[in-house]
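Engineer: Coordinates for the following, if possible.
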Amino acid sequence: MPRTAFVTGGTGFLGINLLHALAAQGWELTVLHRKTSKLTYIQDLPIKLVEGSITDKASLQAAIPQDTEVVFHLAGDTNMWSKYNDRQREINVDGTQYMIEVALEKGVNTFIHTSSIAAWGEVKGVTKEDTPQLGASSSVNYERTKWEGEQIAKAAADKGMKVVIINPAGIVGKYDAQSWAQIFFALRDGKMPGVPPGDNSFVHVDDVVTAHIMAVDKGRNGENYLVTGQPGTIQDLAVAVANEMGMKKVPPKMPKFLLSVPAHLMGFFGRITGIEPTMTPEIVSFMSRKDYAFSQEKAIREFGYTSKPWQEGIRDCHQWLKEEGLL
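Structural biologist: Here you go, the predicted structure:
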């Protein structure tokens, strides 16, 4: 009998990659999508598409098959513009609550909750899973809501359903046009006045997909698993993107206080025009952190996890963007 899974966020960057991997392994997949979702990259897969929303509990009760073995809950709002904070809370917090409640009702065996390194907020040094999380007090709504979503998921770990939390670093790779791929467009269009000075950790999307699948059998109930690659700076990322596009220079590295001025102005005019800005105070805060790194030791030890160079993800993303006529 094939293994069964219900997937949220399947039309997003990570979700598309996960669905392709699961389908190749013969999983029987039910995939939630909204009426407005773009299905282009998954419609030819051997999956069952069901319409609904994680913010509509009744639609989830109709969509999730009884006794589904695994739920992969990838859906989330990664926005970093305060204008959309209410929507983000509804998706990341309320949506997770509904997903947990319905999964328990349906007798789901294993719930894989996709969170983020963002749940730790502005930590310092090499962060591990037992490093105290600061996301609850972050000034960035995305970090606060990812932390809250985790608490909801963890609370279900003692209710008869295994809950495993995956915390990816900055994901790069094919099918991304909305996340870190935005740097391609910002550099192309001259909309990056300067490169934020921060540190970060990046990871190829293929490795994040593999970790999700490994977590089904190898993940321990109630545990977090950081899924990262090699550390790098935002400058490293910008240089890698520029190299892929054949650009010889990137904007200069700029201190946080200088970037904050155009970020606030872009946010102000964005509210007037309705056009989402390419740089916001939240983005500047997140991308200006120093001494900010994440360990992959636990995933290596418990999953047998490995990671390829994240620069390969930049290459894969660039190639796909060109194939799609987006660059």
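Engineer: correct me, but Ala242 touches Arg188?
Structural biologist: No. If you go by C-beta atoms under 8 Å, Ala242 and Arg188 don't touch, sitting 9.8 Å apart. Every C-beta, even on glycine, is put in place using the N, C-alpha and C of the backbone.
Engineer: Looking at the two, which has the bigger crowd around it?
Structural biologist: Ala242 (19 against 14; other C-beta atoms under 10 Å).
Engineer: which residues sit in contact with Thr30?
Structural biologist: By C-beta atoms under 8 Å, 6 or more residues apart in numbering, the contact list for Thr30 reads 4-7, 47-48, 50, 63-65, 68.
Engineer: Of those, grab the buried ones for ChimeraX.
Structural biologist: Selecting only the buried entries of those in ChimeraX, with 16 or more other C-beta atoms under 10 Å as the criterion:
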select :4,5,6,7,47,50,63,64,65,68
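Engineer: Gln311: which of the contacts of Thr30 is nearest?
Structural biologist: If you rank the contacts of Thr30 by distance to Gln311 using C-beta to C-beta, Val7 comes first, at 28.3 Å.
Engineer: Okay, and the closest one sits in which element?
Structural biologist: Assessed by DSSP states H and E, Val7 sits inside strand 4-8.
Engineer: Does the very next helix or strand once past that strand pack against any helices or strands, and if so which?
Structural biologist: Per DSSP H and E, the first helix or strand lying C-terminal to strand 4-8 is helix 13-24. Helices and strands touching helix 13-24, by 3 or more C-beta pairs under 8 Å, 6 or more residues apart in numbering; DSSP states H and E, are strand 4-8, strand 28-33, helix 205-218.
Engineer: Go again with 10 Å.
Structural biologist: Contacts defined by 3 or more C-beta pairs under 10 Å, 6 or more residues apart in numbering; DSSP states H and E place helix 13-24 against strand 4-8, strand 28-33, strand 70-73, strand 110-114, strand 170-172, helix 205-218.
Engineer: could you give me the average pLDDT of the last one?
Structural biologist: Taken as a whole, helix 205-218 has a mean pLDDT of 98.
Engineer: average model confidence for the helix or strand that comes right after that helix?
Structural biologist: Per DSSP H and E, the first helix or strand lying C-terminal to helix 205-218 is strand 223-227. What strand 223-227 shows for mean pLDDT is 98.
Engineer: Parallel or antiparallel, which strands does strand 223-227 pair with?
Structural biologist: Neighbouring strands of strand 223-227 in its sheet, by DSSP bridges, are strand 162-168 (parallel).
Engineer: quick one: the strand it pairs with to helix 205-218, angle?
Structural biologist: With axes from the mean of the first three to the mean of the last three C-alpha atoms, to 10 degrees applied, the angle from strand 162-168 to helix 205-218 works out at 160 degrees.
Engineer: Could I get the average pLDDT for strand 162-168?
Structural biologist: pLDDT averaged over strand 162-168 gives 98.
Engineer: Just want the angle from that strand to strand 110-114.
Structural biologist: Using the same axes, to 10 degrees: strand 162-168 against strand 110-114 is 20 degrees.
Engineer: Give me the neighbour count for the residue nearest to Ser288 when sequence neighbours are not counted.
Structural biologist: Leaving aside its sequence neighbours, Ser288 sits nearest to Lys256 (C-beta to C-beta, 6 or more residues apart in numbering; 3.9 Å). For Lys256, the neighbour count with other C-beta under 10 Å is 17.
Engineer: and Lys256, what is it in contact with?
Structural biologist: Residues near Lys256 by C-beta atoms under 10 Å, 6 or more residues apart in numbering: 196-198, 263, 281, 284-285, 287-290.
Engineer: Which pLDDT value does the model give it?
Structural biologist: So, for Lys256, pLDDT stands at 85.
Engineer: how close does it get to Trp27?
Structural biologist: 44 Å (C-beta to C-beta, to the nearest Å).
Engineer: Ser37 and Ile16 touch, don't they?
Structural biologist: No. Ser37 lies out of contact with Ile16 (C-beta atoms under 10 Å); the separation is 11.0 Å.
Engineer: quick one: common contacting residues for these two?
Structural biologist: 9-10.
Engineer: Which one of these two is surrounded by more residues?
Structural biologist: Ile16 (24 against 17).
Engineer: So for the helix or strand of the chain with the lowest mean pLDDT, what gets flagged as buried?
Structural biologist: When the helices and strands of the chain are scored by mean pLDDT, DSSP states H and E, helix 256-273 comes last with a mean of 79. By neighbour count on 16+ other C-beta under 10 Å, the buried set for helix 256-273 is 256, 259-260, 262-263, 266-267, 270.
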